[in-house]
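**Q** A predicted structure for the sequence below; I have some questions about it.
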Amino acid sequence: METPNNSSTQPATPDTSSLAHSGSSTPRSDIEFPFPFVPVRADTPKDEYILVTGGLGYIGSHTTLELLKAGYNVVLIDNLSNSYICVLDRIRVLVQQHYSNHSEENHVPILEFRQIDYGDVGALRRILDQYQTATRKPWVGSDGPKYSKIMGVIHFAAYKSPTESIRMPLPYYSNNLACFVGLLETLGDYGIKTFVFSSSATVYGAMMNESNEPIKEEHCVHEDELFTDGDGRIKLTQQGCRGLTSPYGRTKWMCEAILSDLIISDPDWTVVALRYFNPVGCDPSGLLGEDPLGLPNNLMPVVCKVLRSELPALKIYGTDYNTNDGTGVRDFIHVTDLAMGHLAAIAAATTNCLYTRFRSFNLGSGLGHSVLELVEAMEQVSMREIKLQLTDRRSGDVAISIAQPTRAEKELNWRTQRSLLDSCRDSWNFLTRNPLGYRNPES
Ligand code: NAD
C-alpha cells in the first residue's frame, strides 16, 4: 500500500459504513451537475494522438484501454521494467471486442507501441519526429519550428514504491525526476505542452495525520493560495510541503513543483497533476490486472499472492491506530474509475477548461475503508480465508488517508462509480482467470 508518512496527531474515526456503496449513493449533496457520470467522449481529430508513458503498467494499461474505447489514438511507450508485453495484446483484444459491440462507431482508434526508456532522449526524439506534421499550430523549438500530432501526454512511467525508495533513492531520483526534466524539455521542443502527471497522495506527507477531514488539494500547493476550510474560515496555504518521508514522495512533489514553475515561465503549457489515493481492482474482463514484476508493495497484489499461496500470510502493519478496527484506513479507488479520471483530465486540458493552467486534483472516492475491511471483502468474493500476520506499525505509514474529491467532481465532472466490493470482485476474477498472473504461458 502506498502511503505517506506521519505519526503525530490523532485522526478522527472515519466513516467506513459503506463498503458496498456505488458512486451514486455517496452521501454528499453539494454537487451541482447531474449524475450518474457520463463517460467522456473524445471528440478527437482522427490524426491526433495521446502519448502515454508507462502505458503497459497497472494504471497505464487501464487508462490506455479507456482512452481507446473513448476514441483517442494512443502512442504508448514503456521499457517493460515493471510490465509484460502481453498486456499490449490484451488491450488490443479488449478494444476489438468493444468496437465489435459498438459497430455504430466507424472509427477504431490506433494503438502504437514503442519499447523505449522514456529517459532516452534520442529514442524519444526519433519517435516524436514521426508525429511531426505541417498542419498544427507552430511552436518554435530549439532547432526550428515543430508541429506535432500528439495533442497531449499522460505520464505514468516511474518507480513507485516508497519503501524501496528509502533503500535505494538514487534510481528513484534518476528515473522519476532527472528523466522527467529531460522529457519536459523534449516535449517542449516539439510543441507538445499539454501534460497530465501521475502524482500521489504522498505529496500531502505529514498533513494527512494533522487533518480530521478528508484532505483537500489546497493542503499542498506550489504557489501561496487562500482557501476555505471545513469550518468556513479563510486560510492561507503557503507553497511547499511538510513531512514527506520517502524519496518517492519527494520525487512526486518535486515533479509537481517543476510543472508549476513551467507554466509560470511558459504560458503555452497546460498541466494537470492527478493525486491518486489507493488504486485497487482491475478491468472486469479479467484480462487486465495488477501484477508487478518484483515483490509487491501495494496491499492488493500482496493479498492476491496470499490467495495464490505464493506468500504464507498477509502482514498487517499496525493494529493500534485510532480507527474502527485499529488498522490503517485508506481511500481505495477502482482503477477503472481512476482511468476515467485521466480521460476527464485530458479532455479538460485539451479544451482549455481548467481553472488554472496548473491544476491538481485528488482522485479518490472520499470514503475510507480499513485494511481489514478490504481483507474481509476479498474473503467474501473469493470465499477463502486470508491468513494474517499482525505486526507493528511500519515507518512511512499514516493512520488515515482519505481524499476530498469535490474539486474533481466540480471541475472535471468526474467521480468514482465503483465500490470496494466491485474492486475485490474484479481482482478475484483476474486472479482466477490468470492463476500465474501475466506469466501465464497462454497469455
Ligand atoms: P507500474 O509500475 O505498474 O507502471 C509503471 C510503468 O512504467 C511500468 O510499465 C514500467 O515498465 C514503466 N516504466 C517505468 N520506468 C520507465 C522508464 N524509464 N521508461 C519507460 N517506461 C518506464 O505502476 P502503476 O501502479 O501503474 O503507477 C503508475 C504511476 O502512478 C506511477 O507514476 C506511480 O508513481 C503513480 N502512482 C501509483 C499508485 C499506486 O498505488 N499504484 C499510487 C499513486 C501514484
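**A** Structure received. Everything numeric here is computed off the predicted structure, so don't read it as measured data. Numbers count the residues shown, from 1 in each chain.

**Q** Which single residue in the stretch 1-150 of the chain comes nearest to the ligand?
**A** Residue nearest to the ligand within the stretch 1-150 of the chain: residue 57 (1.9 Å; C-beta to the nearest ligand atom). Where C-beta positions appear, they are placed from N, C-alpha and C, glycine not excepted.

**Q** tally of neighbours for that residue?
**A** When neighbours are counted by other C-beta atoms under 10 Å, residue 57 registers 27.

**Q** next one: the one 5 residues further on
**A** Residue crowding around residue 62 was assessed by other C-beta under 10 Å; the count is 27.

**Q** how about the helix or strand hosting residue 374, does it reach the ligand?
**A** Element membership for residue 374, per DSSP states H and E: helix 371-382. No: applying C-beta under 6 Å from any ligand atom, one finds helix 371-382 separated from the ligand by no less than 13.4 Å.

**Q** Give me the next element, helix or strand, following that helix.
**A** Taking DSSP H and E, what comes next after helix 371-382 is strand 388-391.

**Q** thinking again about what came up before, what's the helix holding residue 374 packed up against?
**A** helix 299-307, strand 314-317, strand 329-330, helix 420-433 (3 or more C-beta pairs under 8 Å, 6 or more residues apart in numbering; DSSP states H and E).

**Q** before we move on, back to that, the nearest residue to the residue of the stretch 1-150 of the chain closest to the ligand once chain neighbours are set aside and residue 291, how far apart?
**A** Distances taken as C-beta to C-beta, 6 or more residues apart in numbering place residue 83 nearest to residue 57, at 4.9 Å, with adjacent residues excluded. To residue 291, residue 83 is 9 Å away according to C-beta to C-beta, to the nearest Å.

**Q** what do you get for residue 66?
**A** From residue 66 to residue 291 the distance is 19 Å (C-beta to C-beta).

**Q** got it, and residue 255?
**A** Residue 255 is 26 Å from residue 291, by C-beta to C-beta.

**Q** Can you tell me the element residue 248 falls in?
**A** Using DSSP H and E, residue 248 sits within helix 247-265.

**Q** Quick check: buried residues in that helix?
**A** 247-260, 262-263 (16 or more other C-beta atoms under 10 Å).

**Q** just stretch 215-224 next, same as before
**A** 215, 216, 217, 218, 219, 220, 221, 222.

**Q** and that stretch with the ligand, contact?
**A** No: counting by C-beta under 6 Å from any ligand atom, the ligand is not contacted by stretch 215-224; separation bottoms out at 13.9 Å.

**Q** Give me the mean pLDDT for that stretch.
**A** What stretch 215-224 shows for mean pLDDT is 91.

**Q** That stretch: end-to-end distance?
**A** 17 Å (C-alpha to C-alpha, to the nearest Å).

**Q** With stretch 53-64 instead?
**A** 10 Å.

**Q** Does the helix holding residue 248 reach the ligand?
**A** No: using C-beta under 6 Å from any ligand atom, we find that helix 247-265 stays clear of the ligand, coming within 6.7 Å at best.

**Q** Check the offset of that helix from the chain's centre.
**A** Between the centre of helix 247-265 and the centre of its chain there are 16 Å (C-alpha atoms, centre = their mean, to the nearest Å).

**Q** Could you list the residues in contact with the helix or strand just after it?
**A** Next helix or strand after helix 247-265 toward the C-terminus (DSSP H and E): strand 270-276. Strand 270-276 has contacts (C-beta atoms under 8 Å, 6 or more residues apart in numbering) with 59, 193-201, 203-204, 217, 256, 259-260, 262-263, 333, 338, 341-342, 345-346, 348-350, 352, 354, 357-364, 403.

**Q** For strand 270-276, C-alpha coordinates in PDB please.
**A** Output of strand 270-276 as PDB, limited to C-alpha atoms (Å, rounded to 0.1, in the frame of the first residue of the first chain):
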ATOM      1  CA  THR A 270      -1.300  23.200 -19.500                       C
ATOM      2  CA  VAL A 271      -0.700  20.800 -16.700                       C
ATOM      3  CA  VAL A 272      -2.900  18.500 -14.600                       C
ATOM      4  CA  ALA A 273      -1.500  16.800 -11.600                       C
ATOM      5  CA  LEU A 274      -3.600  13.800 -10.500                       C
ATOM      6  CA  ARG A 275      -3.100  12.800  -6.900                       C
ATOM      7  CA  TYR A 276      -4.100   9.200  -6.700                       C
END
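
**Q** and it, is it in reach of the ligand?
**A** Yes: Strand 270-276 lies within reach of the ligand by C-beta under 6 Å from any ligand atom, at residue 276.

**Q** beta partners of the residue nearest to residue 278 when sequence neighbours are not counted?
**A** Counting by C-beta to C-beta, 6+ apart, the nearest residue to residue 278 once its immediate chain neighbours are dropped is residue 330, at 4.4 Å. Beta bridges link residue 330 to residue 369, residue 401, judged by DSSP bridges.

**Q** any idea how far residue 330 lies from the ligand?
**A** 10 Å (C-beta to the nearest ligand atom, to the nearest Å).

**Q** By proximity to the ligand, which residue of the stretch 251-400 of the chain wins?
**A** Residue nearest to the ligand within the stretch 251-400 of the chain (C-beta to the nearest ligand atom): residue 276, separated by 3.8 Å.

**Q** Burial check on that residue, number of neighbours?
**A** 23.

**Q** Look up the pLDDT of it for me, please.
**A** 98.

**Q** ok, it to residue 223 distance?
**A** 22 Å.

**Q** Which residue of residue 83 and residue 291 possesses the greater neighbour count?
**A** Neighbours per residue, other C-beta under 10 Å: of residue 83 and residue 291, the larger number sits with residue 291, 25 against 22.

**Q** And stretch 201-215, end to end?
**A** Note: stretch 201-215 ends 9 Å apart using C-alpha to C-alpha.

**Q** Mind listing what's buried along stretch 179-193?
**A** Residues of stretch 179-193 classed as buried: 179, 180, 183, 184, 186, 187, 188, 189, 190, 191, 192, 193 (neighbour count, 16+ other C-beta under 10 Å).

**Q** wait, residue 286 sits on residue 428?
**A** No: contact criterion C-beta atoms under 8 Å: residue 286 and residue 428 do not qualify, at 9.2 Å.
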